[in-house]
Every structure is written in C-alpha cells, then in structure tokens.
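Asker: sharing a model that was predicted from the sequence below.
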Amino acid sequence: MRIGIVTDATCDLPSDFIKAHDIEILPVTVRLGDKVFVDERDFDTYMSFYEGGWGDKFHDAETAPFTVEQIHDVFLQKLVKKFDYVFCVTVWKDRSKIFENATKASFAILRDYRKVRAEADIKGPFSMRVIDSNTLGPGIGVVVAEIARLIQEGVPHDAIRRQADTIVRNTCALLAIDDLAVVRARATKRGEKSIGLGAYLLANALDIKPIMRRYHDVNEPIARVLGFDKCCERMFEIACEQIYHRITSSYVVVAYGGNPREIEHYEGYKKLKEVCALKGVELLTAVSSMSLSVNIGQGGLAVAWGTDEWKAS
C-alpha cells in the first residue's frame, strides 16, 4: 500500500526533509497590507519575507488556508492517483480553519475518487485520515516527521493511525517570543485576553520575554526572562533537560523566524545538538512559517519534541 502525508504550510520542517519523504504542502496565503505572500515552505520566499522589513505590519496580517474546494482538487488531481492512503496533518484547529476545511473536503474526496482512479487504471480503494496536530510550528513538524518515519519503516496504515493519537498527545512545543506587541494584537483580534494591557506594558518596559509551552491541550507561559537572547538560552536549557531525561520521539524540531544560521551562536543550541546526538535522535532545524511568525512576531524561536511526561526542573 502506498501511504502519503499532506500537511499545511504552518508545519515547520526543513525543505530537504519534506522532499525526501514526498510530503505534500497545502499553501497558506498571508496578506500584509497590499502585499500577498503564498506560504508554500519555500526557503527563498521565506528569506525575502523575513529580510523585507514586513514585521511592523504583522499586527494587521490576514491569513487564509486552502478552502474545502482547493483541498478537494489537490487530492483529486494528484493524491488519489499517487497514494492509496493519506494522512492529512493540520495545525491546531483553534488556530486555523484548515482542519475543518480538510475534514469537510474528505467526504467529497472519498465520494469522488473512484472515477479518477479508474480513469488512471488504478485498482483498489483510496482512504484518508485528517489529524488535528493540536500544536503549531515545529510541533506539527514532530508529528509529521514521526508519521513519515513509520511510513518509511513499512508500518501498516491502521497501526500508524493508532500511534498518531499518542504522537499528537505527547508532542511538546516551547516558544521564545520577542515581539509581545504582535502576540497581543493577534490574540486580541481572535477575541482572546491572554495578555492584558498592564502585563504587556510592564513586560515591554522591562524587556521581559516569555517562554510559552504547548503541551497536553494547554498553552501557557512557563518562564519569563529579561532579554530575548537570555530567553532563548533558557528555552534551550529547559528543552535539553527534558529531552535528555524524557524524550519519546525520534526527532527534535527547531524553528526560527529568520535565517536558521542566525541561531547557531546560541550555546543552548549547541548543547541541544549534543543532547540529541547522545539520545540518538535527529535534530531538524527549519525556517518558521510566515503563518507562525505573523502570530508570534518575527525572530521568534521554537523547539518541539515528543514526551509522555513533564517534570519541573
């Protein structure tokens, strides 16, 4: 059986990994004023975006995932002929309509695929599963990379489906956030009140940067650090300790809202490389999607891995 993976552009993984595992990307449109970017996880487009001075427009950014019809067309034109079973992994459903759109599209895809496969002289049924990753950025990367590994190892699709639930539940992502103004503006636009005005003004005045954690359905700050560089070092320190003692995934994913070479000077990143080598897991470093950056600000840094337990240090 030919098993494939589809994910949306908010999945932070290196382009060479995506190509090596033949992962299909559903683009996300990002509108900044009069400028429209199509996020397809293209490195050159990302560099143009991050080096173009667009950060001051992130407050009013608008993002649009593929519609139900567009997802349906991608599957019918390409994927139902290329694969027999497809896992469609999306960003956390509270952050985008892509999960909802993909779920709705799946009904029409499963209704319409037979004619397409018959015309291509492909025998046998086609099926798919839409998975809410329940995370974002590099967290999605961990989920997708783990499923890709299972496919490569020849694990049957029904076993992968069962394991995927555990992978999603155990994925942990940490985010070091530099631009609180963008985070507050975007949260307010969504109707959230996670960062009050008083807390924002105090943090901004004192240059306090938060480390956010997404784990087990909870999105919360776990540390506040003076200065962004120290915040990043602390995030890597926390990640290294947790990964060394409690990692359950075969991959650790790091994502940065800019050129990944810019984070190589962090001692914590160097230590993370060492810890991953000691644990026998692969470290994947990627450019953050435009979709993630317009929500957490340019220059944000994040790391994700799988763990079935978190213990405070």
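Answerer: Perfect, I can see it now. In this text the structure is predicted, and so the values were computed from the model without any measurement. Residues are numbered from 1 along each chain as shown.
Asker: sketch out the low-pLDDT regions of the stretch 51-200 of the chain for me.
Answerer: Across the stretch 51-200 of the chain, the stretches falling below the confidence threshold (pLDDT under 70) are 180-200.
Asker: residue 303 versus the residue nearest the centre of the chain, what's the distance?
Answerer: In the chain, the residue lying closest to the centroid (C-alpha atoms, centre = their mean) is residue 137, at 2.4 Å. Counting by C-beta to C-beta, to the nearest Å, the gap from residue 137 to residue 303 is 10 Å. For every residue, glycine as well, the C-beta is placed using N, CA and C.
Asker: residue 71 now?
Answerer: Distance, residue 71 to residue 303, using C-beta to C-beta: 29 Å.
Asker: residue 221 belongs to a helix?
Answerer: No: residue state for residue 221 (DSSP: H, G, I helix; E, B strand; the rest coil) corresponds to strand; a helix is not indicated.
Asker: which residues does it contact?
Answerer: Applying C-beta atoms under 8 Å, 6 or more residues apart in numbering, one finds that residue 221 lies in contact with 210-213.
Asker: mind running it again at 7 Å?
Answerer: Residues in contact with residue 221, defined by C-beta atoms under 7 Å, 6 or more residues apart in numbering, are 210-212.
Asker: tell me the pLDDT at it?
Answerer: The pLDDT attached to residue 221 in the predicted structure is 89.
Asker: could you give the bridge partners of it?
Answerer: For residue 221, the beta-bridge partners under DSSP bridges are residue 212.
Asker: in what helix or strand does residue 13 lie?
Answerer: With elements delineated by DSSP states H and E, residue 13 resides in a region that no helix or strand encompasses.
Asker: now the closest residue to it other than its chain neighbours: phi and psi?
Answerer: Counting by C-beta to C-beta, 6 or more residues apart in numbering, residue 13 lies nearest to residue 141, which is 4.4 Å off, once chain neighbours are set aside. The main-chain torsion angles of residue 141 are listed as degrees, to the nearest 10 and equal phi -60, psi -40.
Asker: what about residue 141, how many neighbours?
Answerer: Residue 141 is surrounded by 33 other residues when neighbours are defined as other C-beta atoms under 10 Å.
Asker: just checking, it touches residue 15?
Answerer: No: with contact defined as C-beta atoms under 7 Å, residue 141 does not reach residue 15; the gap is 12.0 Å.
Asker: residue ranges of the strands in the stretch 51-200 of the chain, please?
Answerer: Assigned by DSSP state E, counting those that start in this stretch, the strands in the stretch 51-200 of the chain fall at 62-65, 85-90, 127-132, 171-176.
Asker: other SSEs contacting the shortest one?
Answerer: Of the remaining helices and strands, those touching strand 62-65 by 3 or more C-beta pairs under 7 Å, 6 or more residues apart in numbering; DSSP states H and E are strand 28-32.
Asker: neighbouring contacts of the strand it packs on?
Answerer: By C-beta under 7 Å, 6+ apart, the surrounding residues in contact with strand 28-32 are 8-10, 36-39, 54, 57, 61-65, 290-291, 294.
Asker: so what are the sheet partners of it and their directions?
Answerer: Here strand 28-32 has these sheet partners by DSSP bridges: strand 35-39 (antiparallel), strand 62-65 (antiparallel).
Asker: quick one: buried residues of the longest one?
Answerer: Applying a neighbour-count criterion of 16 or more other C-beta atoms under 10 Å, one finds 37, 39 buried in strand 35-39.
Asker: who are the neighbours in contact with the residue nearest to residue 222 when sequence neighbours are not counted?
Answerer: Leaving aside its sequence neighbours, residue 222 sits nearest to residue 213 (C-beta to C-beta, 6+ apart; 4.7 Å). Applying C-beta under 7 Å, 6+ apart, we find residue 213 in contact with 172, 174, 220, 222.
Asker: which of those residues sits closest to residue 255?
Answerer: Taking C-beta to C-beta as the measure, residue 255 lies nearest residue 174 of the contacts of residue 213, at 10.8 Å.
Asker: partner residues bridging that closest one?
Answerer: Legend: beta-bridge partners of residue 174 under DSSP bridges are residue 213, residue 303.
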